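1. below is the sequence, then the predicted model.
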Amino acid sequence: MMEKERRGAWLMAAGMFLAYFAALLAILHVVGTDAGLYHRLQMRAGILPEAGITEEELVSLDRDLADYLAGDAAALDGAPFNERELTHMADCYRLFALLRRVLAGAAVLAAALLAVAYFTCGYRNWARAALLGALAFVAAIAALGVWGATDFNSLFTAFHRLLFTNDLWLLDPRTDLLIRICPQSMFMTMAVMIAGCELAFIALMNWVCWMVPALLRRHK
């Protein structure tokens, strides 16, 4: 492989890695702001007896939480949360705002790298570059998946300690409604859904990057 083509292939692989990362953030945002999904997982976990609220109140509260994380800063005004819970949700609000900024940046950079790679070496190395980026990304997801499958509490705690600079996420079900309506099983299922959707996206992108060059060569 010529030096120019090799450089283009590495740019393509880096661009695909960033595209996978941007997709992961997009999926996380969609799943993390889906009030209907909250409710289905809460009902599956049977949280109402311990929650101390009606299902109608829960549906309304889920909608408020989803809207808040999606960017509506006033969505939790009047919500039945105490000061500790509201402060923690404010931290989550800032994290989701940061997620949207990082997502936009990663998507733009991925597009730029892929464009430069295309003009450097065309479409010849798409399939190889997509696979290389996928292997690197899937390896990282797999490592987290093994950790979560063997000790989800440890992974959950590590992520919270990484993302938050305080311990407000350590809520008490005796005093904090938020932890009573958001059971651990809810987050575990969300994590599996996010990983599954991401792997499906990676598989689709690899199929596209294999099919398009093959079709273009066939019609030359």
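-> Received, thanks.
2. every contact and neighbour count from this point should use C-alpha atoms.
-> OK.
3. which elements pack onto the longest helix belonging to the chain?
-> The single longest helix within the chain, with elements called by DSSP state H, is helix 83-121. Under the contact criterion of 3 or more CA pairs under 8 Å, 6 or more residues apart in numbering; DSSP states H and E, helix 83-121 touches helix 3-32, helix 55-69.
4. contacts for the last one next, please.
-> I take that to be helix 55-69. Contacts to helix 55-69, defined as CA atoms under 8 Å, 6 or more residues apart in numbering, come from residues 32-36, 38-39, 48, 74-76, 79, 92-93, 96-97, 181.
5. so what does the lowest-mean-pLDDT helix or strand in the chain touch, helix or strand wise?
-> Every helix and strand of the chain was ranked by mean pLDDT, DSSP states H and E. The lowest is helix 126-150, at a mean of 79. Identification of packing neighbours for helix 126-150 by 3+ CA pairs under 8 Å, 6+ apart yields helix 3-32, helix 152-163, helix 184-218.
6. do that again at 10 Å, thanks
-> Using 3 or more CA pairs under 10 Å, 6 or more residues apart in numbering; DSSP states H and E as the contact test, the elements touching helix 126-150 are helix 3-32, helix 83-121, helix 152-163, helix 184-218.
7. and the longest helix of the chain, what's buried?
-> Using 16 or more other CA atoms under 10 Å as the test for burial, helix 83-121 gives 85-86, 88-93, 96-97, 99-100, 103, 106-111, 113-118, 120-121.
8. what's the average pLDDT for that helix?
-> Average pLDDT, helix 83-121: 92.
9. what angle do that helix and helix 152-163 make?
-> Interaxial angle, helix 83-121 versus helix 152-163 (axes from the mean of the first three to the mean of the last three CA atoms, to 10 degrees): 80 degrees.
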